[in-house]
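**Q** Curious how this folds, go ahead:
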Amino acid sequence: MKKNHSIKTYTVIAVLFVVSLVVLTVSVSYSFFNIQVEGEVTPDTPNGGGKFSVTTTLNDSDIINAAELALIDGANYLTEAEKVSFSITNSANSNLNAKYTIDVVEMTLSKNLASKYFKWAIAVNDEVKVSGDFADETIAPEGTSDTTLVENLTKHLITEENALSLNIGATDNLVFYMWLENDEAVDQLYLTNGTFKGKLSMSAVPSKN
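**A** Numbers count the residues shown, from 1 in each chain. Coordinates of the predicted model:
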């Protein structure tokens, strides 16, 4: 944000109002496979026999409290950003490994929050695996102050191409972070009165690896 005190003060108030409207509801969808057919265990053939059970605590996780979101310096997001913590487990009763993806689904985003300053990251077992932002030129160019809502969007966080593997009996502990990032060199007033809603979703499929 610009150094001018009057502009900076107003901008911070405006951005805090923006994030007070940000809502993240948490839900889960996962694929459950329980194939009881004689034959070789392989996820690539419908006649393969196998058991596959992936569960998650995502449904029991707390939602992000929008009122607590703040404009922060990017270097501090691991300690200052709002977050959702959950686990994904491939049951010891499975005989197939799993691969899983994470998305934000049923997303509503105001055009001004299609921004490189609206950030997210996912840590898996205390290691940040993926990160990004909500910038999308197909929704709006960076810097627009248009607060028109765009609905029914999906944001792929861990994509199918980069799906994470989970061995039989293993558990991954995940943390999803979301924040607005401060930039001292930029007037970020255009973020004022933005709106975001969405659901965090996990999907899993069987895997040879």
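**Q** okay, the top strand by length along the chain in CSV with CA atoms only?
**A** In the chain, assigned by DSSP state E, the strand with the most residues is strand 97-110. What follows is strand 97-110, C-alpha atoms only, in CSV (Å, rounded to 0.1, in the frame of the first residue of the first chain):
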residue,chain,number,x,y,z
ASN,A,97,-2.9,-46.8,-2.7
ALA,A,98,-4.8,-43.5,-3.2
LYS,A,99,-4.3,-40.3,-5.0
TYR,A,100,-6.2,-37.2,-4.0
THR,A,101,-7.0,-33.7,-5.2
ILE,A,102,-8.2,-30.6,-3.4
ASP,A,103,-10.5,-27.9,-4.9
VAL,A,104,-12.6,-24.9,-3.9
VAL,A,105,-16.0,-25.6,-5.4
GLU,A,106,-19.3,-23.7,-5.6
MET,A,107,-17.2,-20.6,-5.5
THR,A,108,-18.6,-17.0,-5.7
LEU,A,109,-16.0,-14.3,-6.3
SER,A,110,-16.4,-10.6,-6.9
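**Q** in its sheet, what does it sit against?
**A** strand 149-158 (antiparallel), strand 164-166 (antiparallel), strand 196-207 (antiparallel) (DSSP bridges).
**Q** List the buried residues of the second one.
**A** Within strand 164-166, the residues that qualify as buried by neighbour count (16 or more other C-beta atoms under 10 Å) are 164, 166. Yep, even glycine has a C-beta here, placed from its N, CA and C like the rest.
**Q** who's in contact with that strand?
**A** Outside strand 164-166, the residues that touch it by C-beta atoms under 8 Å, 6 or more residues apart in numbering are 54, 88-90, 97-100, 124, 129, 158, 172, 204, 207, 209.
**Q** Out of the strands paired with strand 97-110, which is the most enclosed?
**A** Comparing the strands paired with strand 97-110 by mean neighbour count (mean count of other C-beta atoms under 10 Å), strand 196-207 ranks first with a mean of 21.
**Q** Can you list the low-confidence ranges for the chain?
**A** 1-50, 65-70 (pLDDT under 70).
**Q** just the helices in it please.
**A** 5-20, 77-80 (DSSP state H).
**Q** returning to what we had before: and which of the contacts of strand 164-166 is nearest residue 115?
**A** Using C-beta to C-beta, residue 158 comes nearest to residue 115 of the contacts of strand 164-166, at 21.5 Å.
**Q** Please report the distance of the closest residue to the closest one other than its chain neighbours from residue 153.
**A** Counting by C-beta to C-beta, 6 or more residues apart in numbering, residue 158 lies nearest to residue 102, which is 4.2 Å off, once chain neighbours are set aside. Using C-beta to C-beta, to the nearest Å, we find residue 102 at a distance of 15 Å from residue 153.
**Q** And for residue 82?
**A** Taken as C-beta to C-beta, the span from residue 82 to residue 153 is 20 Å.
**Q** Now that you've got the contacts of strand 164-166, can you turn the buried subset into something I can paste into PyMOL?
**A** Applying 16+ other C-beta under 10 Å to the contacts of strand 164-166, the buried members can be selected in PyMOL as follows:
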select buried, resi 54+88+89+90+97+98+99+100+124+129+158+172+204+207
